[in-house]
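generate a structure from the sequence data that follows.
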Amino acid sequence: YWEERQDPKKNTEDDRTADDRTAYDRDFARVIHSASFRRLQAKTQVLGLGDSDFYRTRLTHSLEVSQIGEAIAKKLIKETAKDHPAFKSLPDPTLVRTICLAHDLGHPPFGHGGEIALNKCMKCHGGFEGNGQTLRLMAKLEPYHAKYGMNLTRRTLLGVLKYPAPYSKVNNSSFYPKNACTVGSVFKAEDYKPPKCYLNTEADTIAWIKSGDLSADWNKFADTEMSDSHGKTKYHGKTKYKALDTSIMELADDIAYGVHDLEDALSLRLVTKDQFEGKMKDKLPKYLEAAKCKYEEFMEKLFSDDTCERKAEIGELVGYFVNNIELKADYNDLSHQVLSANAVMPEEVSVELSALKDFVYSDVIKATPVQQLEFKGQKIVTELFDTLMTDPERLLTKWDAAKIKELPVERVICDYISGMTDEYATKRYQQLFEPRVGSVFDRL
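Below you'll find the model as predicted:
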């Protein structure tokens, strides 16, 4: 059941490529050999590309998430008792490695600035969300299979489904400005944040994923809430549950974000010791206790000019968070263990990781230089979209223009732009708008 593909005729025993690989080995290969995966090398993670060749891109981030996710899976298999109710549902580490590698495939150029810009452009045409685009790429757009994208297994597609609700269900239109569908390329990013979801265009893929064993649980699994525990209305609705494999991937992503993205900021001297201490002092008591390390010693190593010392401390932090993850059965109160069990972090450890993530967000991502780059990227994306919409058959490549016969033109252009790297989007912008840039010999 879990190894089924949408096109079951691919890779049967009499397939000319039949070999000793498992179904999940094949999924892994299809991801790493895809154009979408290669493009991650030129997409922004946190810091803009071009200023340095040291800090992380979406590709190196995804590789680190994959390594951490695989380590979590192996730890759970090794340390969970065989009579644990969810032990038999634990995923193959190769499966987790693949899900983690693929988790950011759908993110557009220029980080979250590009994602917000595309959601603004698609506000009246079905919206856009990076995680939803990941599923769309894997199940439809990546040209391995004419109809089913990479034609991956059911469990791999379930694993990348971070938010099992459609855009139409969680999107709260009342939070957008009244002129949301007509405003130009300069706008407040906060006004156009997308809901966390899958795109309505993927309803057929979701129907296939949930068919069979998962169908009885799916309606509850896809449940959403529109307010928080205090009754305050959220910007958009939010899903309540995630599958077991997804919970491992999400923890690995959080660890990479909170620790490795912090490492970039430290290495590039984007945050000071006083800045870190002002927000993080007394926020890591359990870690210091586990590491048998005094606070002053921790700070000296973290901000050391000796790269070896700093990396050793970063490695200790990652190991600490991974080693505290455990498997919980019936975490989601559903009948199928792949849906009901989750990898979880104890609350006292989770708050420490959250403190690191909050620091990265407030003092690195929200720093003015980073936000200026995001703003610039969102303007490029919005103007590209608006321009291509004016005369798509003239300005799109022939291959992309041909898709307009089968899909709404807005979705075709959205797919085209979301697949761009930062550099490609910048070049297309220059070709279209800068008089002295561009040539008939430029290849699109």
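
and stretch 188-202, what's buried?
Buried residues in stretch 188-202, counted by 16 or more other CB atoms under 10 Å: 189, 192-199, 201-202. Just so you know, the C-beta spots here come from the backbone N, C-alpha and C atoms, and that holds for glycine as well.

for the record, mean pLDDT for it?
Throughout stretch 188-202, pLDDT has a mean value of 94.

on that earlier part again, can I get the buried residues of stretch 188-202 in CSV with distance to Gly237 and secondary structure?
Putting the buried residues of stretch 188-202 into CSV (distance: CB to CB, whole Å; DSSP: H, G, I helix; E, B strand; the rest coil) gives the following:
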residue, distance to Gly237, secondary structure
Ala189, 20, helix
Tyr192, 16, helix
Lys193, 13, coil
Pro194, 12, coil
Pro195, 6, coil
Lys196, 9, coil
Cys197, 8, coil
Tyr198, 13, strand
Leu199, 15, coil
Thr201, 19, helix
Glu202, 17, helix
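
specify which member of those residues is nearest to Glu129.
Distance to Glu129, by CB to CB, is smallest for Pro194 among these, at 4.2 Å.

can you name the residues that contact the closest one?
Pro194 sits next to 115-116, 119, 127-130, 167, 171, 236 when contact means CB atoms under 8 Å, 6 or more residues apart in numbering.

nearest the geometric middle of this protein, what residue?
The centre of the chain sits closest to Asp104, judged by CA atoms, centre = their mean, with a distance of 3.6 Å.

burial count for Gly377?
When counting by other CB atoms under 10 Å, one arrives at 25 neighbours for Gly377.

that one contacts Phe110, correct?
Yes - contact criterion CB atoms under 8 Å: Gly377 and Phe110 qualify, at 2.5 Å.

joint contacts of those two?
With CB under 8 Å, 6+ apart as the test, Gly377 and Phe110 both reach 44, 117, 422, 425.

I'd like the residues you listed laid out as a markdown table, including neighbour count, pLDDT and distance to Ala73.
A markdown table is the format used below for the shared contacts of Gly377 and Phe110 (neighbours: other CB atoms under 10 Å; pLDDT from 0 to 100; distance: CB to CB, whole Å):
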| residue | neighbour count | pLDDT | distance to Ala73 |
| --- | --- | --- | --- |
| Thr44 | 26 | 70 | 28 |
| Ala117 | 30 | 95 | 35 |
| Asp422 | 24 | 91 | 32 |
| Ala425 | 23 | 94 | 35 |
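
just the helices in the stretch 201-350 of the chain please.
Applying DSSP state H, counting those that start in this stretch to the stretch 201-350 of the chain gives helices spanning 203-210, 215-221, 244-255, 261-267, 273-280, 285-291, 295-302, 307-323, 337-340, 347-360.

worst mean pLDDT across the helices and strands of this structure, which element?
Scoring the helices and strands of the chain by mean pLDDT, DSSP states H and E places strand 224-227 at the bottom, with a mean of 78.

strands paired with that one, and their directions?
For strand 224-227, the paired strands and their directions (DSSP bridges) read strand 233-239 (antiparallel).

among the shared contacts of Gly377 and Phe110, find me the one that's closest to Trp208.
Using CB to CB, the shared contacts of Gly377 and Phe110 come closest to Trp208 at Ala117, 30.8 Å.

that closest one touches Thr382, doesn't it?
Yes - look at Ala117 against Thr382 with CB under 8 Å: they come within range, at 4.8 Å.

show residues contacting the helix or strand hosting Gln133.
For Gln133, the host element (DSSP states H and E) is helix 130-136. Contact partners of helix 130-136, identified using CB under 8 Å, 6+ apart, comprise 102-108, 112, 115, 149, 157, 160-163, 167, 194, 196-199, 201-202, 205, 415, 418.

for burial, what's the neighbour tally of Thr224?
For Thr224, the count of nearby residues is 20 (other CB under 10 Å).
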